[in-house]
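Enquirer: Okay, sequence plus prediction incoming.
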Amino acid sequence: MRSLVIAAILMSSATAAAQDKKDSKAPTIVEEAATFGNANRAYVEGRFDEAIKRYEALVSAGVVHEDLFYNLGNAYFRSGKMGPAIFNYERALRIDPSMTDAHYNMDVARQVVAERVVDRLKGAESEPWWVRLATFFSISQLTIGLIALDVLFFALLIAVRFLATGFLRTALIASSGFALIALLGTFLLLRGHIYVLEEVHQGVVVADQVVIREGSDARSAEKGKLHPGVRVSLRGRDAGWLRIRLANGMEGWVPESSIGKL
């Protein structure tokens with residue numbers, strides 16, 4: 001289990017979900033720290049259901065941190081709940097795509113699901129290449145890279161300005177060209193990542209099995225079945241049902257409770 005730094009998580013937590021202050025108060029940092037410590041203790045002692053309850057309380061309070069989601073995913077995995085486990089690994093990776101522990105554990109969880117599933121929809125588990133490319137690096141990594149390349153590009157231009165004609169000047173001109181290409185590429189990746197986060201609404205199947213239907217009604221015709229961990233695009237909502245689109249192009253309706261929204 002990956003250890004967490006309480007201060008880092010609490011400092012990165014978002015404001016608690018909006019609620020009437022007259023009715024209830026948002027938990028304090030001290031209360032969140034106590035909940036977090038108790039959740040970690042419960043996990044270490046093998047009381048995974050209790051750990052899940054306490055981790056989820058932090059999530060409900062507005063705490064957003066990749067390590068929190070990672071530990072919550074581990075607790076669900078230990079409880080045999082692969083859908084919620086994969087969902088929380090996905091949430092951790094959405095914040096930090098370079099989190100190798102989450103990648104590894106998510107792959108293990110998906111393998112466990114694959115061994116249980118008999119029927120699966122062809123092409124439902126893939127993901128558009130441009131989404132994978134845009135989200136390969138985190139927002140912070142792309143931002144730092146963009147700033148570094150911007151500084152490098154203009155430093156090269158200044159150096160070229162004061163150098164006399166010669167091999168070194170020519171080499172710096174060529175280097176500035178490559179730096180500009182890298183700068184533009186990083187900018188496009190950053191824009192793409194932001195677009196995916198803000199415009200491409202995605203979710204993960206958390207139910208043990210969910211039936212895709214033609215309409216937002218339990219009596220409508222079946223189109224197929226999805227197993228835990230499949231990522232879907234969210235296209236609409238209607239009275240407790242979500243309209244989803246799979247990577248293979250299939251669209252249909254599933255109960256809203258069966259999908260964890262990223």
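Expert: Noted; the coordinates are in hand.
Enquirer: Just give the number of residues close to residue 189.
Expert: 19 (other C-beta atoms under 10 Å). Heads up, the C-betas are built off the backbone N, CA and C, glycines and all.
Enquirer: Would you confirm that it belongs to a helix?
Expert: Yes. The assignment for residue 189 is a helix, going by DSSP: H, G, I helix; E, B strand; the rest coil.
Enquirer: Okay, domains of the protein per the record?
Expert: Here the domain assignment for the chain is 6-116, 131-199, 202-261, based on automatic domain parsing.
Enquirer: Put together CSV for the ones you listed, with mean pLDDT on each row.
Expert: Listed next are the domains of the chain as CSV, based on pLDDT from 0 to 100:
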stretch, mean pLDDT
domain 6-116, 82
domain 131-199, 90
domain 202-261, 91
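Enquirer: ok, residue 243 - contacts?
Expert: 216, 234, 235, 236, 237, 251, 252, 253 (C-beta atoms under 8 Å, 6 or more residues apart in numbering).
Enquirer: could you measure the third one against residue 155, distance?
Expert: Right, residue 235. Distance from residue 235 to residue 155, counting by C-beta to C-beta, to the nearest Å: 46 Å.
Enquirer: of the contacts of residue 243, buried ones?
Expert: Among those, the ones that count as buried by 16 or more other C-beta atoms under 10 Å are 216, 234, 252, 253.
Enquirer: Among the residues you listed, name the ones in strands.
Expert: 234, 252, 253 (DSSP state E).
Enquirer: quick one: which helix or strand includes the residue nearest the centre of the chain?
Expert: Nearest to the geometric centre of the chain sits residue 94, at 2.3 Å (C-alpha atoms, centre = their mean). Assigned by DSSP states H and E, residue 94 belongs to helix 82-95.
Enquirer: now for that helix, which elements pack on it?
Expert: helix 66-78, helix 100-116, strand 202-205, strand 259-261 (3 or more C-beta pairs under 8 Å, 6 or more residues apart in numbering; DSSP states H and E).
Enquirer: Please identify which of those is closest to residue 223.
Expert: Nearest to residue 223 among the helices and strands packed on helix 82-95 is strand 202-205; the distance by C-beta to C-beta comes to 14.3 Å.
Enquirer: Please consider this matter closed, and thank you.
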